[in-house]
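Student: turn this into a structure:
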Amino acid sequence: MELNDVKEIAVDAVAQAVVDTAAVPAETDVLIVGAGPTGLALALDLARHGVRALVVERSATLFPGSRGKGIQPRTQEVFDDLGVLDALRAGGGTYPVGMIWKDGQRQGEHRMFDEVEATEADPYAGFALMVPQWRTQEILYARLTELGGGVAFGRELVGLAQDADGVTASFASGTPVRARYAVAADGGRSAVRRALGITMTGETVDPAPALVADIRVTGLDRDNWHFFPPTDAGPGLQGGFLGICPLPHTEDFQLAAGFADPAAEPDLSLDGIRKLVATRTHLSADDVTEVRWASEFRPRAAMADRFRDGRVFLAGDAAHVHSPAGGQGLNTSVQDAYNLAWKLAAVLRGSAPAALLDSYEEERMPVAAQMLGLSTGVHRGEVRRGAATQQLGLGYRGSALAVETRTDLPEEALRAGDRAPDGTRAGTRLFDAFRGPHWTLLTVGGTDTEAEVPDLPGVRTVRFPAYEAYGTGVFLVRPDGYVGWAGESARGLAKYAAGAGVL
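Tutor: The predicted structure follows:
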């Protein structure tokens with residue numbers, strides 16, 4: 001999405017966020033370009049692994065808008081592991097029930113989501129958390145600083161060169177930075193991606209523009225997401241749709257509006273948005289008292305032709321851009337970071353071969369392609385929000401890192417490459433055992449005796465009674481919460497561990 005006429009929001013973290021340019025190190029292990037959710041999550045996770053990382057951001061502050069406000073259940077699991085879920089829950093809320101309006105009258109409720117029930121294995125299912133993006137970034141930044149990290153603001157990348165040993169980045173101001181690896185997390189118009197010559201392939205989801213803005217407005221309750229569809233509009237976000245959603249724990253509402261005419265040029269000024277609201281709703285222009293941030297964009301679905309070039313990786317919007325419908329963009333982006341961080345850490349500390357990094361593109365490109373299709377379907381009204389948009393079923397069964405040694409498994413069985421479910425037995429909760437940057441060796445159902453389970457340094461071992469979500473067996477769970485290796489016994493596990501960066 002392109003940002004236009006951005007009006008900054010004063011948030012507490014921004015005042016603390018600036019890193020003195022003079023203090024920016026000349027060398028680091030990982031250079032992260034972009035301080036959005038992707039870059040901050042990556043830096044935070046790398047900090048947990050003890051990796052030196054520097055985040056550089058061309059803007060003077062953190063992003064001020066609410067844009068990516070939906071945090072899906074799988075991303076909540078990630079944020080739980082990263083230590084920020086409680087803060088996000090305190091600063092967010094559930095999605096309000098939709099209310100359809102026509103001619104100033106309430107027409108009835110509109111349920112945005114198909115119901116999905118939480119289970120012991122999927123404790124966050126059915127609960128999409130709403131948090132304005134600026135607040136998500138504020139919380140991620142605060143956690144990063146707790147771990148000793150920071151962001152260098154006002155550092156615009158203008159050049160990138162790499163050789164066999166590392167990457168050298170140059171900036172519009174300040175000295176160059178040398179890093180062993182670099183990650184582009186600088187958005188859909190990524191300067192890093194352009195410098196590498198990597199193209200994006202995709203489609204226009206909707207030829208007409210759309211507008212999203214954070215506004216203050218009177219005359220609407222904060223108990224509903226208010227929808228004002230035109231009488232001739234089709235499903236989805238096309239053809240003149242307008243919605244106004246209260247943002248939790250703020251005085252703001254997020255305004256989202258589509259336009260039927262591809263030649264339309266949305267006016268992002270206060271007067272322009274007042275006119276839009278007065279034209280499309282029963283509210284008067286004066287009911288809009290403030291525009292705090294606004295952006296115009298044309299919904300597009302596109303993906304980079306590759307996610308890696310030598311020592312440089314693409315993540316988040318730099319690698320894939322989505323329609324905002326369905327709330328997949330930020331979530332897919334954060335999970336890019338979560339997939340990449342532990343792999344970079346393993347290679348940098350010398351416990352895994354550099355070839356481990358090949359699995360990032362192998363695993364994340366198919367997921368990004370799947371989520372692009374899903375977002376486009378939701379935008380066009382072809383797919384409803386529900387189980388598919390919660391991302392709990394995504395996995396890496398086809399990855400070289402997914403080794404399943406059991407045979408004759410039932411169709412519904414958990415396999416290597418799948419997300420490792422939660423569960424509690426005898427006071428042990430699996431998500432608590434998984435939490436942290438370590439691998440977890442999980443035996444379920446007493447399959448192996450203690451003597452048969454190998455001693456893997458730095459790996460947490462958990463013995464769990466029989467549990468239907470796992471069946472029985474031995475499972476080696478990766479730092480990002482996916483099953484890397486599974487077997488009836490631990491035979492062959494040590495060999496896998498050596499190649500995957502466990503040892």
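Student: show me where the stretch 251-400 of the chain has its helices.
Tutor: 270-280, 329-348, 358-379 (DSSP state H, counting those that start in this stretch).
Student: out of the ones you listed, which one sits most buried?
Tutor: Each of the helices of the stretch 251-400 of the chain was scored by mean neighbour count; the highest is helix 329-348, a mean of 26, by mean count of other C-beta atoms under 10 Å. For the C-beta atoms, the positions are set from N, CA and C on the backbone; glycine is no exception.
Student: hmm, back to that, nearest to residue 92, out of the helices of the stretch 251-400 of the chain?
Tutor: Closest approach to residue 92 among the helices of the stretch 251-400 of the chain (C-beta to C-beta): helix 329-348, 12.8 Å.
Student: show me where the stretch 201-350 of the chain has strands.
Tutor: 210-217, 224-227, 242-246, 253-258, 288-297, 300-304, 308-309, 312-314, 320-321 (DSSP state E, counting those that start in this stretch).
Student: how many other residues sit next to residue 498?
Tutor: 14 (other C-beta atoms under 10 Å).
Student: pretty sure it belongs to a strand, no?
Tutor: No. If the criterion is DSSP: H, G, I helix; E, B strand; the rest coil, then residue 498 is helix and not within a strand.
Student: distance check, it against residue 485.
Tutor: 12 Å (C-beta to C-beta, to the nearest Å).
Student: residue 69 too?
Tutor: Taking C-beta to C-beta, one finds residue 69 at 37 Å from residue 485.
Student: repeat that for residue 314.
Tutor: Residue 314 sits at a distance of 28 Å from residue 485 (criterion: C-beta to C-beta).
Student: do the same with residue 206
Tutor: Using C-beta to C-beta, residue 206 is found at 43 Å from residue 485.
Student: swap in residue 473?
Tutor: Taking C-beta to C-beta, one finds residue 473 at 10 Å from residue 485.
Student: so residue 59 sits in a strand?
Tutor: No. Residue 59 sits outside any strand when classified using three-state DSSP, being coil.
Student: next up, phi/psi of it, please.
Tutor: Taking degrees, to the nearest 10, you get phi -80, psi 170 for the backbone angles of residue 59.
Student: count of residues packed around it?
Tutor: Other residues close to residue 59 by other C-beta under 10 Å number 17.
Student: not counting sequence-adjacent ones, nearest residue to it?
Tutor: Using C-beta to C-beta, 6 or more residues apart in numbering and skipping residues adjacent in sequence, the residue nearest residue 59 is residue 153, 6.5 Å away.
Student: verify the stated contact: that neighbour with residue 34.
Tutor: No. Between residue 153 and residue 34 there is no contact, the gap being 11.5 Å when judged by C-beta atoms under 8 Å.
Student: which one's more surrounded, these two?
Tutor: residue 34 (29 against 19).
Student: give the contact list for that one.
Tutor: Counting by C-beta atoms under 8 Å, 6 or more residues apart in numbering, residue 34 makes contact with 55, 56, 57, 184, 185, 186, 187, 190, 316, 318.
Student: 6 Å instead?
Tutor: Residues near residue 34 by C-beta atoms under 6 Å, 6 or more residues apart in numbering: 185, 186.
Student: distance of residue 463 from residue 440?
Tutor: Taking C-beta to C-beta, one finds residue 463 at 11 Å from residue 440.
Student: you'd agree residue 455 is in a strand?
Tutor: No. Residue 455 sits outside any strand when classified using three-state DSSP, being coil.
Student: how many neighbours does it have?
Tutor: Using other C-beta under 10 Å: residue 455 sits among 8 other residues.
Student: grab the nearest non-local neighbour of residue 169.
Tutor: residue 177 (5.0 Å).
Student: that neighbour: neighbouring residues, count only.
Tutor: 22.
Student: again, but for the one 10 residues further on
Tutor: When counting by other C-beta under 10 Å, one arrives at 24 neighbours for residue 187.
Student: can you tell me how far the residue nearest to it when sequence neighbours are not counted is from residue 226?
Tutor: Among residues not flanking residue 187 along the chain, residue 317 sits closest, at 4.6 Å (C-beta to C-beta, 6+ apart). Using C-beta to C-beta, residue 317 is found at 28 Å from residue 226.
Student: please apply the same query to residue 124.
Tutor: Distance from residue 124 to residue 226, by C-beta to C-beta: 27 Å.
Student: just want to know which of the two has more residues nearby.
Tutor: Counted by other C-beta under 10 Å, residue 124 and residue 226 do not tie: residue 226 has more neighbours, with 26 against 22.
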